[in-house]
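> Could you look at this predicted model? Sequence included:
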Amino acid sequence: MLILDIIALVWPCINYRINTTKSIKESLLFIPINVVPEYSVCESIDEISKQEREDYKNDLKSKLIGIDYETYIKQFLVGLLEGDGSITVSCPGPKQVKVRMVISIKNLRENVIMLLLIQQILGGTVRIERKAQYVTWIAVKKDLIQSLLKLLEEYPLLTTRKQCQLKFAIKCIENGTKDFIVENRNFMYQDQHNMLNYNEKNFVIPTYFPTWLSGFIEAEGNFRFISDKRRNMQITGRFNIGQNFDHFIITAIRDYFGGNTKVQVIISKKKFSKKRELLGEVKHYYVEMGNKAVKTAIFAHFLKYPLLGHKKVTYSRWDDYFNNN
């Protein structure tokens, strides 16, 4: 089967059929230029009005079923943090420890609004960075970090990498010295191998998993259109998602949506820093699914647990196409 990834997301109104006798290069000429969406980039946070934020928030509230708005934002944040975030520790002084939680994503209008909603509920700072290429949510104040640590006790992190980062940050706070950070930072991930082995056999999906998953998909998921030349260029769709090392997470996501596709792995010989060398080669696990039953489960999931950033735009086109054709 020869599969062509249609990079653009296809509008529901597209009902043409591509002549299968043409080469792929020729066939590309038949794809309308306007299927490539225009992305709205924010030069400043001030471009998002209070009214636009309120409308966005009220729209989300109207879609939530069986979960209150603030709880949804908190659980969603945990999944988003696992995919697009980091937990770091620095030492500005001999007896000073500074923990930062950061989420940095592509600067698109919907992503900016999403991080502003998180800021409104949890605090932190949202700013446009790196020549307006990224929008970043940053939590650094000590009282906010303590509040977020309590949040992560209530809704624990699920990926082993973030669990290692959090564990190291907590140890640094408890010790409170620069010497401890310097002496132990290279051992941050020393337990990850054992954690992977344990979770492979014992991982249990927590009650907050559906909302966590929407946040994680916002960061790591993709909704693709593909065209099969052998089937007269019939357009179909695939959902894919991946994660380094955490096979158990990708398996849980596949099972949650009722998929039976084998989890695939890409092995890279990337050279590790001392912090990660115990894991050896990089194993990136991923799954790609798109049969009717999986699509039905995905559509049902996002009716109850909506995406909040730009990923909801790409998903909406995917949803509209397959539910209206």
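Alright, I've got the coordinates. Numbers count the residues shown, from 1 in each chain.

> who's in contact with the spatially most central residue of the chain?
Central residue of the chain (C-alpha atoms, centre = their mean): A219, 1.6 Å from the mean position. Counting by C-beta atoms under 8 Å, 6 or more residues apart in numbering, A219 makes contact with G79, L80, E82, G83, D84, G85, I105. Quick note: C-beta positions are derived from backbone N, CA and C, even for glycine.

> again, 6 Å this time
The contact partners of A219, taken as C-beta atoms under 6 Å, 6 or more residues apart in numbering, are L80, G83, D84.

> Let me have the residues you listed in JSON lines, adding secondary structure and pLDDT as columns.
Conversion of the contacts of A219 to JSON lines gives the following (DSSP: H, G, I helix; E, B strand; the rest coil; pLDDT from 0 to 100):
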{"residue": "L80", "secondary structure": "helix", "pLDDT": "98"}
{"residue": "G83", "secondary structure": "helix", "pLDDT": "96"}
{"residue": "D84", "secondary structure": "helix", "pLDDT": "95"}
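
> Now list the buried members of the residues you listed.
When the contacts of A219 are checked for burial by 16 or more other C-beta atoms under 10 Å, the buried set is L80, G83, D84.

> for those residues, which one is nearest Y155?
L80 (12.0 Å; C-beta to C-beta).

> wait, which of the buried ones among the contacts of A219 is closest to W318?
G83 (18.7 Å).

> what residue ranges in the stretch 201-325 of the chain score low on pLDDT?
Low-confidence segments of the stretch 201-325 of the chain (pLDDT under 70): 228-234, 270-280, 325.

> Sketch out the helices for it, chain order is fine.
With DSSP state H, counting those that start in this stretch as the criterion, the stretch 201-325 of the chain has helices at 209-220, 247-256, 292-304, 311-323.

> Among those helices, show me which one is buried the most.
helix 209-220 (a mean of 23; mean count of other C-beta atoms under 10 Å).

> what residues does the helix or strand hosting V99 touch?
For V99, the element it lies in under DSSP states H and E is strand 96-106. The contact list for strand 96-106, computed with C-beta under 6 Å, 6+ apart, reads 80-81, 84-92, 111, 134, 136-140, 145, 148, 169, 172-173, 176.

> Okay, the residue nearest to the centre of the chain and G79: tell me how far apart.
7 Å (C-beta to C-beta, to the nearest Å).

> Equivalent analysis for I250, please.
For I250 relative to G79 (C-beta to C-beta), the value is 14 Å.

> hang on, the earlier thing: pull the contacting residues for the closest residue to the residue nearest to the centre of the chain other than its chain neighbours.
With sequence-adjacent residues excluded and distances taken as C-beta to C-beta, 6 or more residues apart in numbering, A219 is closest to G83, at 2.4 Å. G83 is in contact with F216, A219, E220, counting by C-beta under 6 Å, 6+ apart.

> L307 - how many residues pack around it?
By the measure other C-beta atoms under 10 Å, the count of residues near L307 is 21.

> Kindly report the same for D68.
Per other C-beta under 10 Å, the neighbour tally for D68 reads 10.

> Please apply the same query to F257.
Neighbours of F257 using other C-beta under 10 Å come to 20.

> moving C-terminal of the host helix or strand of L81, what's the next helix or strand?
Per DSSP H and E, L81 falls inside helix 69-84. Downstream of helix 69-84, the next assigned helix or strand under DSSP H and E is strand 85-93.

> What is the distance between that next one and the centre of its chain?
Counting by C-alpha atoms, centre = their mean, to the nearest Å, strand 85-93 is centred 22 Å from the centre of its parent chain.

> can you check stretch 112-130 too?
On C-alpha atoms, centre = their mean, the centre of stretch 112-130 falls 16 Å from the chain's centre.

> buried set for that stretch?
Of the residues in stretch 112-130, those buried (16+ other C-beta under 10 Å) are 112-119, 121-122, 124, 126, 128.

> what about that stretch, how long is it end to end?
Start-to-end span of stretch 112-130 (C-alpha to C-alpha, to the nearest Å) is 14 Å.

> Quick check: I181 touching E174?
No. Using C-beta atoms under 6 Å, I181 is not in contact with E174; the gap is 11.8 Å.

> S268 and K283 touch, don't they?
No. Using C-beta under 6 Å, S268 makes no contact with K283, being 8.0 Å away.

> ok, these two, which is more surrounded?
Neighbours per residue (other C-beta under 10 Å) separate S268 from K283, with K283 holding more: 16 against 10.

> contacting residues for that one?
By C-beta under 6 Å, 6+ apart, K283 lies in contact with F245, V265, I267.
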